[in-house]
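K.L.:
need a 3D model of the sequence below.
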Amino acid sequence: MAELVIVEDERAAGELVAGSIVSLIRRKPDAVLGLATGSTPLATYRALAGRIAEGSIDVRGVRGFALDEYVGLPAGHPESYRSVITREVVEPLGLTPELVRVPNGDPEQIQHAGADYEAAIVAAGGIDIQILGIGRTGHIGFNEPGSSLASLTRVKTLTAPTRADNARFFDSPDDVPMHCITQGIGTILRARHLVLLAFGEAKAEAIAAAVEGPVTASQPGSAVQLHPHTTVIVDEAAAARLENLDYYRHAWNNKPEWQGI
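P.N.:
Modelled structure (predicted):
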């Protein structure tokens, strides 16, 4: 069973995750972070940037791998995930840009881009902590419903709901790319620690399916149940449809502090 932590808000979640990442970096200065984009992890990145600055933590050796990238956006497009990761993670945290990788969405190289990315992750020794969000359809990364639970980094076609959700970042819904390259579910499950974040009532159904529903490709987020070290952090609204809330609260309130998340 995944560990489920219910927090007051996104800020509290960000502080909790940032503390865990700082502890990791202190133990392992060349730690490998799995980086999600979107609005969900922003509070975590802000809290982490603050912790790094306050503690004078050396992050020059920290490495990172983004979950996904759009296929076909021009180099330097502000909504490419390379641009987003640079703007929201690399620069605020002071990471070394060359050590942070994003899947290659260049159509001319797309046929081997997935295999190249898998090889890079393996060469780095694997991801230590993978930050995840979850979509309304239950997708993690861009692994839409029906994605193989053993899938590796590859090209996927985005669903209409996912494109609609992401349209707010573009001038027009038609500008949202139809395809992406994403770490597969199998890739995600190889990370040593998964941290799944979700906030708001719109994510409640997906969280309930991911944590308490059957493990099925129809709900890609449910794959986190297969991982030996998964932490799911949600606010009250995102937890609203969970059946075992009392147990989750009891387990967290009585967890030894030294264990962390």
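
K.L.:
so for the lowest-mean-pLDDT helix or strand in the chain, what gets flagged as buried?
P.N.:
The weakest-scoring helix or strand in the chain, judged by mean pLDDT, DSSP states H and E, is helix 160-166 (a mean of 88). Counting neighbours by 16 or more other C-beta atoms under 10 Å, one finds that the buried residues in helix 160-166 are 162-163, 165-166. Every C-beta, even on glycine, is put in place using the N, C-alpha and C of the backbone.

K.L.:
what's downstream of that helix, the next helix or strand?
P.N.:
Note on helix 160-166: by DSSP states H and E, the next helix or strand toward the C-terminus is strand 179-182.

K.L.:
send the alpha carbons of that following strand over as PDB?
P.N.:
What follows is strand 179-182, C-alpha atoms only, in PDB (Å, rounded to 0.1, in the frame of the first residue of the first chain):
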ATOM      1  CA  HIS A 179       2.000  14.000 -29.400                       C
ATOM      2  CA  CYS A 180       4.500  13.900 -26.700                       C
ATOM      3  CA  ILE A 181       7.400  11.800 -25.600                       C
ATOM      4  CA  THR A 182       7.100  10.500 -22.000                       C
END
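
K.L.:
what ranges does the stretch 1-150 of the chain have for its strands?
P.N.:
3-7, 32-35, 63-66, 68-70, 100-101, 129-132 (DSSP state E, counting those that start in this stretch).

K.L.:
nearest to residue 158, of those strands?
P.N.:
Nearest to residue 158 among the strands of the stretch 1-150 of the chain is strand 68-70; the distance by C-beta to C-beta comes to 8.8 Å.

K.L.:
so which elements touch that closest one?
P.N.:
Here strand 68-70 is seen to pack against helix 81-85, strand 179-182 when contacts are counted using 3 or more C-beta pairs under 8 Å, 6 or more residues apart in numbering; DSSP states H and E.

K.L.:
just give the strands next to it in its sheet, each with its orientation.
P.N.:
strand 179-182 (antiparallel) (DSSP bridges).

K.L.:
hmm, back to that, among the helices and strands packed on strand 68-70, which is nearest residue 105?
P.N.:
Checked against C-beta to C-beta, the stretch from these lying closest is strand 179-182, at 5.6 Å.

K.L.:
could you check how far that closest one is from the centre of its chain?
P.N.:
Remark: strand 179-182 is offset 15 Å from the chain centroid, using C-alpha atoms, centre = their mean, to the nearest Å.

K.L.:
now it: average pLDDT?
P.N.:
On average, the pLDDT along strand 179-182 is 97.

K.L.:
and for stretch 66-75?
P.N.:
93.

K.L.:
for it, measure first residue to last.
P.N.:
16 Å (C-alpha to C-alpha, to the nearest Å).

K.L.:
so what touches it?
P.N.:
Residues from elsewhere that reach stretch 66-75 (C-beta atoms under 8 Å, 6 or more residues apart in numbering): 34-37, 79-82, 85, 100-105, 107, 110, 130, 132, 141-142, 155, 177, 179-183, 188.

K.L.:
are any of those residues buried, and which?
P.N.:
Using 16+ other C-beta under 10 Å as the burial test, the contacts of stretch 66-75 include 34-37, 79-82, 85, 100-105, 110, 130, 132, 141-142, 155, 177, 179-183, 188 as buried.

K.L.:
returning to that earlier point: and the least confident helix or strand of the chain, C-alpha only, in CSV?
P.N.:
This file holds the C-alpha atoms of helix 160-166, laid out as CSV (Å, rounded to 0.1, in the frame of the first residue of the first chain):
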residue,chain,number,x,y,z
ALA,A,160,-8.7,15.4,-25.8
PRO,A,161,-9.1,16.0,-22.0
THR,A,162,-5.4,16.3,-21.5
ARG,A,163,-5.0,18.7,-24.4
ALA,A,164,-7.9,20.7,-23.1
ASP,A,165,-6.3,20.9,-19.6
ASN,A,166,-3.0,22.1,-21.1
